[in-house]
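# Quick one, structure for this:
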Amino acid sequence: GALVFLRNLLNADPEEWDMLLFNGLRVDGVCTVESLTDEVASMIQGVILSLPEGSVTQRVQAEFLRELMGRVNKFAERDPRAF
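Residues are numbered from 1 along each chain as shown. Prediction:
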């Protein structure tokens with residue numbers, strides 16, 4: 001479900017995220033926006049808790065995941081006909 005889909009998104013180039021989100025959430029119904037959002041939030045929390053506080057690695061990984069979360073949220077607000 002959502003965790004596998006999230007891992008696929010993270011392995012893709014960010015330029016591909018919008019199309020992958022469309023296909024995964026609207027066409028294939030791999031998971032819901034809510035379940036994907038929960039998985040991203042959980043992963044952000046894991047990054048923050050598992051890496052040294054304030055480290056460059058922590059900041060970069062958390063920012064990358066926040067960017068993905070933003071894309072998921074924007075996708076959820078879009079009219080599907082916009083694709």
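# Hmm, A2 is touching L36, no?
Yes. Contact criterion C-beta atoms under 8 Å: A2 and L36 qualify, at 4.8 Å. Quick note: C-beta positions are derived from backbone N, CA and C, even for glycine.
# Compare the two and say which one has the larger neighbour count.
Higher neighbour count among A2 and L36: L36, with 25 against 20, using other C-beta atoms under 10 Å.
# separation between the nearest residue to V47 once chain neighbours are set aside and R71?
With C-beta to C-beta, 6 or more residues apart in numbering as the criterion, V47 has its nearest non-adjacent residue at 4.7 Å, and that residue is Q61. Distance, Q61 to R71, by C-beta to C-beta, to the nearest Å: 16 Å.
# Likewise for N23?
According to C-beta to C-beta, N23 and R71 sit 14 Å apart.
# so how far is S42 from N73?
Between N73 and S42 the computed distance is 16 Å (C-beta to C-beta).
# How about D28?
Distance of D28 to S42, computed by C-beta to C-beta: 22 Å.
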